[in-house]
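Novice: Coordinates only, no sequence provided:
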Ligand SMILES: Cc1ncc(COP(=O)(O)O)c(C=O)c1O
């Protein structure tokens, strides 16, 4: 029997996929597992799809675009970055990708060689470590701690730097799974560390628009950081466009040029139909995002209050659409806890270990689910906890 590559064999089998499959198949389960908006596309985008399909020939939908992405889209992104993120960048320093995940992957390919290292927060988005490993580099965890509000501790970043091997650090604000929004002070410290050690910063800002009682700051907007930061953003969460696979990265010319070259061998170009939709999305008034953000905020307040009442201490998340709860009053094993909750309580949550070893003893609930479903899930969780472990 011919083998699958060792690289692939060693990739972790994401538990989240299995959980979501069970949750989808078993209609009696209430799922707080998903990491994607449960909103429909904003109406003007729905109408625009009709326009695009009607004019498919004229719009040359069946042709490849420039590997950097269409110029009109990159111009719109450049304006958006200036206005919303205070990042001054030309369209040629922007590359459009199939979701920000692809830009992250291609960016890592261009930055880290085999034997080199990339720092990753732990816990963090489950896509980072496998992506680093797939490009042949080594992930090095920087632990985040609940007692430090899941913030980066700059001393811990420094401790994990190997002067010869460390090439980059990934940061994520607002963060999945903790909802932490990095403060300007911490971002400035991270920026100083990157400059001192000549590191690239990959700044994953997928949830930049979903922010509550806080402010999103792009590290790429800080003085002198243009040469160090690859800013990764996406249409997936802000516009409920996950399925259109549209994201982008903005960064130093040298890195974007390298990514453009690699892009030829990965997807060639993000789908033209999605790029056209992206241009329309960026022209929309803020009200469409704001409507979703307000609804998430309502759910957030409810779920965090309920989880704390249920003796599952949960730090208030200031961004994204996740709560990250401490389950240690009931169990020290997130996987067992989540599996039992799924089987016996009929609620799907994600075990914290999916996000790294520092996630042991925690579970993530997504509040990108209908309010009523969240209410029902919390009621079921309450019942489940009364019996759990007895
Ligand atoms: C923190 C974070 N970054 C990136 C992604 C991937 O997003 P995209 O759809 O843009 O590839 C996700 C998806 O859940 C995420 O949570």
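Specialist: Sure, I can see it. Since this is a predicted model, take the numbers as computed values, not measurements.
Novice: tell me the contacts of whatever residue of the stretch 51-200 of the chain ends up closest to the ligand?
Specialist: With CB to the nearest ligand atom, the shortest gap between the stretch 51-200 of the chain and the ligand falls at residue 99, namely 2.6 Å. Where you see a C-beta, it was placed from the backbone N, CA and C, and this is true even at glycine. Applying CB atoms under 8 Å, 6 or more residues apart in numbering to residue 99 gives the contacts 234, 236, 242, 245-247.
Novice: Let's see which of those residues end up in strands.
Specialist: Among the contacts of residue 99, the members falling in strands (DSSP state E) are 234, 247.
Novice: who wins for neighbours among the contacts of residue 99?
Specialist: Within these, most neighbours by other CB atoms under 10 Å means residue 246, with 28 neighbours.
Novice: how much space between the residue in the stretch 251-390 of the chain that the ligand sits nearest to and residue 212?
Specialist: Going by CB to the nearest ligand atom, the ligand is nearest to residue 320 of the stretch 251-390 of the chain, at 7.4 Å. Distance from residue 320 to residue 212, counting by CB to CB, to the nearest Å: 10 Å.
Novice: which one of the two has more residues nearby?
Specialist: Shown here are residue 320 and residue 212; by other CB under 10 Å, residue 320 has more neighbours (31 against 19).
Novice: Could you list which residues are in contact with the more buried one?
Specialist: Counting by CB under 8 Å, 6+ apart, residue 320 touches 174-176, 179, 207, 210, 237.
Novice: before we move on, what about residue 183?
Specialist: Counted by CB under 8 Å, 6+ apart, residue 183 has contacts 151, 217.
Novice: Next, give me the two most distant ones among the contacts of residue 99.
Specialist: Distance extremes for the contacts of residue 99: the farthest pair is 242 and 247 at 10.3 Å, using CB to CB.
Novice: shared neighbours of the two, anything?
Specialist: In contact with both residue 242 and residue 247: 99, 236, using CB under 8 Å, 6+ apart.
Novice: quick one, phi psi at the closest residue to residue 165 other than its chain neighbours?
Specialist: Excluding its sequence neighbours, the residue lying closest to residue 165 (CB to CB, 6 or more residues apart in numbering) is residue 117, at 4.5 Å. For residue 117, the backbone dihedrals (degrees, to the nearest 10) come out as phi -120, psi 150.
Novice: ok, now which ones touch residue 117?
Specialist: Listed by CB under 8 Å, 6+ apart, the contact set of residue 117 reads 137-140, 162, 165-167.
Novice: In ChimeraX, how would I select the buried members of these?
Specialist: To isolate the buried ones among those in ChimeraX, judged by 16 or more other CB atoms under 10 Å, type:
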select :137,138,139,140,166,167
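Novice: quick one: which of the contacts of residue 117 sit in strands?
Specialist: Short answer: those in strands (DSSP E) are 138-140, 166-167.
Novice: mind giving me a markdown table with these and columns for distance to the ligand?
Specialist: Shown next, in a markdown table, are these (distance: CB to the nearest ligand atom, whole Å):
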| residue | distance to the ligand |
| --- | --- |
| 138 | 20 |
| 139 | 15 |
| 140 | 19 |
| 166 | 21 |
| 167 | 20 |
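Novice: Residue 60: which of those is nearest?
Specialist: residue 167 (38.5 Å).
Novice: quick one: contacts for the closest one?
Specialist: By CB under 8 Å, 6+ apart, the contact set of residue 167 is 111-113, 116-118, 137, 199-200.
Novice: Ok, residue 258 next?
Specialist: Residue 258 neighbours (CB under 8 Å, 6+ apart): residue 110.
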